[in-house]
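Chemist: below are the sequence and a predicted model for it; my questions follow.
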Amino acid sequence: MAAALVPIGAKQPHRRPRKDADLAKAPRSKKTVPTDAGDFVLHSLQEAHEQQRRFEATTDQMLHFYEQMLLIRRFEERAGQLYGLGLIGGFCHLYIGQEAVAVGLQSALKEGLDSVITGYRDHGHMLAYGIDPKVIMAELTGRQAGISKGKGGSMHMFSTEHKFYGGHGIVGAQVALGGGLALAHQYKGDGGLCLAYFGDGAANQGQVYETFNMASLWKLPIVFVIENNQYAMGTAVSRSSAETEFYRRGTAFRIPGMDVNGMDVLEVRQAAEIAFKHVREGNGPVLMELNTYRYRGHSMSDPAKYRTREEVQDVREHKDPIEGLKKTLLDAGKTEDELKDIDRRIRAAVSEAADFAENSPEPELSELYTDVLVESY
């Protein structure tokens, strides 16, 4: 039966005030408290990282890191030249200055098992993964021999063979996809993890935090890596982010954070050892902030007028990842001539890759119709 209406202005019917006894009888929602609620510490992996900052690499390992970083540097310099000549079209985001991040992290992955996903600044990650520079340069120049058959270009590198899943042009979109890759590892029980890179600009995207929540809730095997190169597309982090200590961003989701010097490849590798072990042991995700710096603009079309030349030069002179490792190698007994020989060999390999790309044919028109839909499931 419907309740009687009370005319406006009429005296309201008396209602008995609720007593404490009534409140006690009311149903209460039950809050599930995590069993480790008292044990979670904001930076639970940071302490371990600070106990040993740098990886104890052998001379051979350091030489390998040096060669990989130098390959990325020389490759990206040549890509910049080809872009200026009009041989690379569209967008082109160079990785110069950030080499230690990709090399340090990906050298700790299990090849053929772990998966990697990143944004559109992706050439360096593929080179650090050991993928042939010829097919990467061919992709940049839009050739059939490219790793995505010349149809992806700079921003959309892809290789399922190497478990490298892009190369994504939508800011932050790769993070949610990385959560899916991690779920696949968990579902298969293969022991692998996903390494999901994104930048300080993407760190403010909502889908990033949705993925944080799901990954933590399901204890997905994923390492979130924020490559903080300080300027996103062209705005300093202090002007765009309320919380500029990005390794704290996972706190609300009970994800431990790590603050890492991304200009030191040995520190990056040591941090990777700690983070990957934590994830592989079934403890859920880790958030790593890699503080790094890009020497060029956001893309080749960016004049980077939002920072001074003196600032860039200061980083080049005092924090350059390649020069830093070079000094360590010289202290370990390597000579200038030995390191110059490596540089000459790298330059020759990059020139060979550029020649290969320039002399490779463009895709046939029929390629416009391939790889549009998945043909089998």
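Modeler: That came in fine, so what should we check first? Residues are numbered from 1 along each chain as shown.
Chemist: what's the helix or strand hosting residue 323 packed up against?
Modeler: In the assignment (DSSP states H and E), residue 323 maps to helix 321-331. With contacts taken as 3 or more CB pairs under 8 Å, 6 or more residues apart in numbering; DSSP states H and E, helix 321-331 sits against helix 59-84, helix 99-106, helix 265-280, helix 336-359. (Glycine included, C-beta is placed from N, CA and C.)
Chemist: any idea of the angle it forms with helix 265-280?
Modeler: Interaxial angle of helix 321-331 relative to helix 265-280 (axes from the mean of the first three to the mean of the last three CA atoms, to 10 degrees): 110 degrees.
Chemist: can I get helix 321-331 in PDB, CA atoms only?
Modeler: Listed in PDB are the C-alpha atoms of helix 321-331, where the atom choice follows Å, rounded to 0.1, in the frame of the first residue of the first chain:
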ATOM      1  CA  PRO A 321      75.200   6.500 -19.400                       C
ATOM      2  CA  ILE A 322      77.700   5.400 -22.100                       C
ATOM      3  CA  GLU A 323      80.500   7.700 -20.900                       C
ATOM      4  CA  GLY A 324      79.900   6.600 -17.300                       C
ATOM      5  CA  LEU A 325      80.300   2.900 -18.200                       C
ATOM      6  CA  LYS A 326      83.300   3.700 -20.400                       C
ATOM      7  CA  LYS A 327      85.000   5.200 -17.300                       C
ATOM      8  CA  THR A 328      84.200   2.000 -15.300                       C
ATOM      9  CA  LEU A 329      85.700  -0.100 -18.100                       C
ATOM     10  CA  LEU A 330      88.900   2.000 -18.300                       C
ATOM     11  CA  ASP A 331      89.200   1.600 -14.500                       C
END
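Chemist: ok so residue 125 is a strand residue?
Modeler: No: Residue 125 is assigned helix when assessed by DSSP: H, G, I helix; E, B strand; the rest coil, not a strand.
Chemist: show me what contacts it?
Modeler: Contact analysis of residue 125 by CB atoms under 8 Å, 6 or more residues apart in numbering lists 95, 102, 106, 116, 118, 164, 197.
Chemist: and the end-to-end length of stretch 360-370?
Modeler: The straight-line separation of the ends of stretch 360-370 (CA to CA, to the nearest Å) is 19 Å.
Chemist: buried ones in it?
Modeler: For stretch 360-370, the neighbour count (16 or more other CB atoms under 10 Å) marks 360, 363 as buried.
Chemist: can you check stretch 235-245 too?
Modeler: Neighbour counts over stretch 235-245 (16+ other CB under 10 Å) mark 237, 240-241, 244 as buried.
Chemist: for the record, mean pLDDT for that stretch?
Modeler: For stretch 235-245, mean pLDDT is 92.
Chemist: please tell me how far residue 104 sits from residue 155.
Modeler: 23 Å (CB to CB, to the nearest Å).
Chemist: looking at those two, which is more packed in?
Modeler: For residue 104 versus residue 155, the count of surrounding residues by other CB atoms under 10 Å is larger for residue 104: 27 against 20.
Chemist: I figured the more buried one hits residue 273, correct?
Modeler: No: counting by CB atoms under 8 Å, residue 104 does not reach residue 273; the two are 10.0 Å apart.
Chemist: now list whatever residues contact both of the two.
Modeler: With CB under 8 Å, 6+ apart, residue 104 and residue 273 have common neighbours residue 55.
Chemist: can you name the next helix or strand after the helix or strand containing residue 227?
Modeler: Element membership for residue 227 (DSSP H and E) is strand 222-228. As assigned by DSSP H and E, the chain's next helix or strand after strand 222-228 is helix 237-240.
Chemist: gap between that following helix and the chain center?
Modeler: 19 Å (CA atoms, centre = their mean, to the nearest Å).
Chemist: got the CA positions of that helix in PDB?
Modeler: Extracted C-alpha coordinates of helix 237-240, given in PDB (Å, rounded to 0.1, in the frame of the first residue of the first chain):
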ATOM      1  CA  VAL A 237      57.100  17.000 -14.500                       C
ATOM      2  CA  SER A 238      56.900  19.700 -11.800                       C
ATOM      3  CA  ARG A 239      54.300  21.500 -13.900                       C
ATOM      4  CA  SER A 240      52.200  18.500 -14.900                       C
END
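Chemist: now for it, which elements pack on it?
Modeler: Counting by 3+ CB pairs under 8 Å, 6+ apart, helix 237-240 packs on no helix or strand.
Chemist: paired strands for whichever helix or strand comes after it, with orientation please.
Modeler: Where DSSP H and E defines the elements, the next helix or strand beyond helix 237-240 is strand 257-261. With DSSP bridges as the test, strand 257-261 is paired with strand 286-291 (parallel).
Chemist: any idea of the angle the strand it pairs with forms with helix 99-106?
Modeler: 160 degrees.
Chemist: kindly export strand 286-291 (C-alpha atoms) in CSV.
Modeler: As requested, the backbone C-alpha atoms of strand 286-291 are provided in CSV (Å, rounded to 0.1, in the frame of the first residue of the first chain):
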residue,chain,number,x,y,z
VAL,A,286,56.5,-3.9,-8.9
LEU,A,287,56.6,-0.2,-10.0
MET,A,288,60.0,1.1,-11.0
GLU,A,289,60.8,4.7,-11.7
LEU,A,290,63.8,5.0,-13.9
ASN,A,291,65.1,8.6,-13.8
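Chemist: just how off-centre is the helix or strand that that strand is followed by within its chain?
Modeler: Beyond strand 286-291 in the direction of the C-terminus, DSSP H and E gives the next helix or strand as helix 309-318. Chain-centre distance of helix 309-318: 24 Å, with CA atoms, centre = their mean.
Chemist: list the buried ones in helix 309-318?
Modeler: Residues 312, 315 are the ones in helix 309-318 that count as buried (16+ other CB under 10 Å).
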